[in-house]
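# Model the following, please.
(2 chains)
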Amino acid sequence: DSGVTQTPKHLITATGQRVTLRCSPRSGDLSVYWYQQSLDQGLQFLIQYYNGEERAKGNILERFSAQQFPDLHSELNLSSLELGDSALYFCASSVEGNPPPLHFGNGTRLTVT
Amino acid sequence: GNSVTQMEGPVTLSEEAFLTINCTYTATGYPSLFWYVQYPGEGLQLLLKATKADDKGSNKGFEATYRKETTSFHLEKGSVQVSDSAVYFCALLYSSASKIIFGSGTRLSIRP
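Just a heads-up that it's a prediction; the model follows:
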């Protein structure tokens, strides 16, 4: 058990909808990272937050946004969903602004129909 | 830019076979290198790491040596088990950045 909790485990929704994925980092970890894992793109870094502030941005679409709250949990918001957004979304956390090691949650599997 | 290239899978081996999964990287400076493993239905777990040239990371019988001259970090294991079946990711962290860059992953299947 990595100590990182992601909810929900599975999400099925329709195109055009909006969803929110939630992540609770490991106790004591200040950094949260979001990754998207799809079959054809591998593991893509989306965004990182450190203690509530955005620290780094990767291949995150404008339709996606994230935030980290004062209690350090984070939410990833995906809007105007498209079929191609179907993927596994992983959250990871680490102690400081720089990893490692990253501690990964078990992911949220998003299916857009 | 910084990138990681690892051998495409799937790789299928018999139990007790020798394993090599190749990984090469492109980076300026001196990145830290990692291997992560993803078991079915789970998130990634750090398997081993090396932070400077000629360092050898090892864990659970797996080893990888940071080779600066060949920009490689190949994963090896002398005798694989069925329980090693998973997806393996090579990754690098460039010190001035705050994100880890992952390779595309190599799926390993071990036959009993």
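# how about the strands in the chain?
You didn't pick a chain, so chain A it is. Shown for chain A, the strands assigned by DSSP state E span residues A:5-7, A:10-13, A:19-24, A:31-38, A:42-50, A:53-57, A:64-68, A:74-78, A:87-94, A:103-104, A:108-112.
# The chain in question should be chain B.
Assigned by DSSP E, chain B shows strands spanning B:3-6, B:11-14, B:19-21, B:23-26, B:32-38, B:44-50, B:56-59, B:62-65, B:75-77, B:86-93, B:100-102, B:106-111.
# Going by mean pLDDT, which of these comes out lowest?
Of all the strands of chain B, mean pLDDT reaches its minimum on strand B:100-102 (a mean of 86).
# does any part of that strand sit near chain A?
Yes. For a cut-off given as C-beta under 8 Å from any C-beta of the partner chain, strand B:100-102 has contacts with chain A, namely B:100-102. Where C-beta positions appear, they are placed from N, C-alpha and C, glycine not excepted.
# so what strands line up beside that strand?
Here strand B:100-102 has these sheet partners by DSSP bridges: strand B:86-93 (antiparallel).
# okay if I get the strands of chain A as JSON lines plus mean neighbour count and distance to residue B:84?
Listed next are the strands of chain A as JSON lines, based on neighbours: other C-beta atoms under 10 Å in any protein chain shown; distance: least, C-beta to C-beta, whole Å:
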{"stretch": "strand A:5-7", "mean neighbour count": "16", "distance to residue B:84": "25"}
{"stretch": "strand A:10-13", "mean neighbour count": "14", "distance to residue B:84": "27"}
{"stretch": "strand A:19-24", "mean neighbour count": "19", "distance to residue B:84": "28"}
{"stretch": "strand A:31-38", "mean neighbour count": "24", "distance to residue B:84": "20"}
{"stretch": "strand A:42-50", "mean neighbour count": "21", "distance to residue B:84": "20"}
{"stretch": "strand A:53-57", "mean neighbour count": "14", "distance to residue B:84": "32"}
{"stretch": "strand A:64-68", "mean neighbour count": "19", "distance to residue B:84": "34"}
{"stretch": "strand A:74-78", "mean neighbour count": "20", "distance to residue B:84": "31"}
{"stretch": "strand A:87-94", "mean neighbour count": "24", "distance to residue B:84": "21"}
{"stretch": "strand A:103-104", "mean neighbour count": "23", "distance to residue B:84": "19"}
{"stretch": "strand A:108-112", "mean neighbour count": "18", "distance to residue B:84": "24"}
